[in-house]
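**Student:** would you be able to build a 3D model of this:
(one chain, ligands or ions: 2)
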Amino acid sequence: MEKKPVIYSGIQPTGIITIGNYIGALSNWLKLQDDYFCVYGIADLHALTVRQVPAEFRQRAISFFAQYLACGLDPQKSILYFQSHVPAHSELSWILNCYTYVGEMQRMTQFKDKSEKNADNVNMGLLDYPVLMAADILLYQTALVPVGADQKQHLEITRDIAIRFNNVYGETFVVPEPYIPKQGAKIFSLQNPTAKMSKSDPDPNASVSIIEDPDSIMRKFKRAVTDSETVVEYREDKPGVSNLLTIFSEMTGRSIESLVAEYHDLGYAKLKNDVGESVVAKLEPVRKEYARLMGDKGYLMEVAKEGARRASSLASRTLNKVKRKVGLVEA
Ligand code: ATP
Ligand code: LTN
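**Tutor:** Ligands and ions are numbered 1, 2, ... in the order given. Predicted coordinates:
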């Protein structure tokens with residue numbers, strides 16, 4: 001049987017899964033399931049880099065896992081699991097730490113941003129975050145990593161670490177490529193359309209969850225910040241309207257050109273209403289399936305257990321190879 005190339009990706013269980021995460025990452029994960037061998041993790045160890053309330057954190061991680069399934073990630077096709085259930089991630093991460101320079105980590109833009117936002121808790125995990133991400137990816141001999149544009153730098157450092165290790169010890173890791181969508185790689189905040197829509201934005205009007213109720217979705221789109229013109233055009237100096245057009249296009253599968261042609265002179269109120277309706281329609285099945293799955297935690301945990309079992313078996317092959325190559329005594 002021909003071996004399919006491996007896809008790996010993950011989302012950390014912080015805040016809410018937004019339509020930005022859906023458009024930039026999850027919707028691609030879904031499309032890749034049939035043609036690749038896909039491994040998708042809940043990056044719970046990554047989420048520990050910012051303070052979590054234990055009981056809420058645990059519930060959120062389970063809720064995110066249910067949202068993966070509700071979106072259509074299928075445990076019959078893909079490996080779905082919690083990162084913390086596979087100890088190889090932490091182990092490889094330690095070894096890779098010894099092949100990564102502090103200066104490289106200090107230059108990461110996400111580290112700089114998050115250090116500013118969490119000035120009272122600039123912990124080692126925050127600095128080391130990209131090395132754990134590299135371990136996630138390299139453990140599975142991943143060829144492609146579907147992520148939004150903000151993760152590009154982390155993919156570059158993952159490649160650098162893999163190449164560096166391969167140069168010293170011979171071919172050990174597949175060097176992964178990022179898979180970043182041409183359209184929708186960066187969805188912007190509904191309240192500040194020059195800033196990324198973020199999972200953990202404290203302003204509830206800035207982002208929309210993939211399991212949000214329809215009234216709330218409509219309200220947020222009606223309040224979306226645009227500009228003082230009236231024409232619907234996709235232009236750099238109209239970030240709010242352009243963002244709405246991108247979301248509309250992603251939800252309906254229609255091109256931005258055809259949407260502009262139809263909505264050009266219909267006014268912003270009509271545009272906002274119809275974008276909101278397209279989001280509600282697209283997410284309706286996700287919301288229903290999510291509610292059903294959350295009523296069956298036993299099933300969710302069974303899927304997670306089987307996912308961790310399969311992931312561990314794959315991960316341990318790479319980890320053992322790495323341990324041998326660096327000269328650790330075999331157990
Ligand atoms: P946080 O704000 O808590 O740091 P986040 O919104 O950046 O989180 P992540 O968990 O870092 O979310 O990202 C999960 C995935 O979603 C990544 O592949 C990321 O590139 C993608 N993504 C995040 N935000 C957006 C966005 N606004 N547009 C497109 N893709 C996004
Ligand atoms: N850092 C990523 C989440 C993540 C990830 C990964 C993405 C953790 N491990 C491995 C791709 C591959 C983020 O989106 N913030």
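**Student:** just to be sure, Y40 is in a strand?
**Tutor:** Yes: counting by DSSP: H, G, I helix; E, B strand; the rest coil, Y40 is part of a strand.
**Student:** so what's it up against?
**Tutor:** Neighbouring residues of Y40 by CB atoms under 8 Å, 6 or more residues apart in numbering: Y8, S9, G10, W29, Y68, L73, S78, I79, L80. C-beta coordinates here come from the backbone N, C-alpha and C atoms, glycine included.
**Student:** looking at this, the first one is in a strand?
**Tutor:** Looking back up the chat, that one is Y8. Yes: counting by three-state DSSP, Y8 is located in a strand.
**Student:** for the contacts of Y40, which one is nearest ligand 1?
**Tutor:** For the contacts of Y40, the residue nearest ligand 1 by CB to the nearest ligand atom is S9; the value is 6.4 Å.
**Student:** just give me the neighbour total for that closest one.
**Tutor:** Taking other CB atoms under 10 Å as the neighbour definition, S9 ends up with a count of 23.
**Student:** next: the one 10 residues further on.
**Tutor:** Using other CB under 10 Å, I19 has 25 other residues around it.
**Student:** look up how far ligand 1 lies from it.
**Tutor:** Summarising the geometry, the distance separating I19 from ligand 1, computed by CB to the nearest ligand atom, to the nearest Å, is 8 Å.
**Student:** quick one: pLDDT of that residue?
**Tutor:** According to the prediction, I19 has pLDDT 98.
**Student:** would you confirm that P178 contacts D150?
**Tutor:** No: with contact defined as CB atoms under 8 Å, P178 does not count as touching D150 (11.1 Å).
**Student:** quick one: contacts for M251?
**Tutor:** Taking CB under 8 Å, 6+ apart as the definition, contacts of M251 comprise V275, S278, V279, A281, K282.
**Student:** who's in contact with the third one?
**Tutor:** Okay, so that is V279. Listed by CB under 8 Å, 6+ apart, the contact set of V279 reads I19, V208, I217, F221, I247, M251.
**Student:** and the protein, which residues reach ligand 2?
**Tutor:** The interface of the chain toward ligand 2, taken as CB under 6 Å from any ligand atom, is made up of 8-12, 43, 46, 133, 136-137, 145, 147, 151, 154.
**Student:** how much distance is there from the lengthiest helix in the chain to the middle of the chain?
**Tutor:** When the chain is scanned for its longest helix (criterion: DSSP state H), the result is helix 297-326. Taking CA atoms, centre = their mean, to the nearest Å, the mean C-alpha location of helix 297-326 is offset from the chain mean by 20 Å.
**Student:** now it: buried residues?
**Tutor:** Within helix 297-326, the residues that qualify as buried by neighbour count (16 or more other CB atoms under 10 Å) are 300, 303-304, 307-308, 310-312, 314-316, 318-319, 322-323.
**Student:** could you do stretch 172-186 as well?
**Tutor:** Buried residues in stretch 172-186, counting neighbours by 16+ other CB under 10 Å, are found at T172, F173, V174, V175, P176, P178, Y179, I180, P181, G184, A185, K186.
**Student:** do the same with stretch 13-32
**Tutor:** For stretch 13-32, the neighbour count (16+ other CB under 10 Å) marks 13-30, 32 as buried.
**Student:** excluding chain neighbours, what is closest to Q183?
**Tutor:** Residue nearest to Q183 in three dimensions, not counting chain neighbours: T246, with 6.3 Å by CB to CB, 6 or more residues apart in numbering.
**Student:** ditto for K305
**Tutor:** Taking CB to CB, 6+ apart, and ignoring the residues beside it in sequence, K305 has H85 as its nearest neighbour in space, at 7.8 Å.
**Student:** how near is the one you found to Q12?
**Tutor:** To Q12, H85 is 15 Å away according to CB to CB, to the nearest Å.
**Student:** and those two? which has more neighbours close in?
**Tutor:** Q12 (22 against 17).
**Student:** what's near enough to touch the more buried one?
**Tutor:** Contact analysis of Q12 by CB under 8 Å, 6+ apart lists I42, A43, D44, H46, A47.
**Student:** who wins for neighbours among those residues?
**Tutor:** When neighbours are counted by other CB under 10 Å, I42 leads the contacts of Q12 with 27 neighbours.
**Student:** who's in contact with the nearest residue to K222 once chain neighbours are set aside?
**Tutor:** Once its chain neighbours are removed from consideration, K222 has its nearest residue in K272; the separation is 5.4 Å (CB to CB, 6+ apart). The neighbours of K272, taking CB under 8 Å, 6+ apart as the test, are F221, K222, A224, T226, L244.
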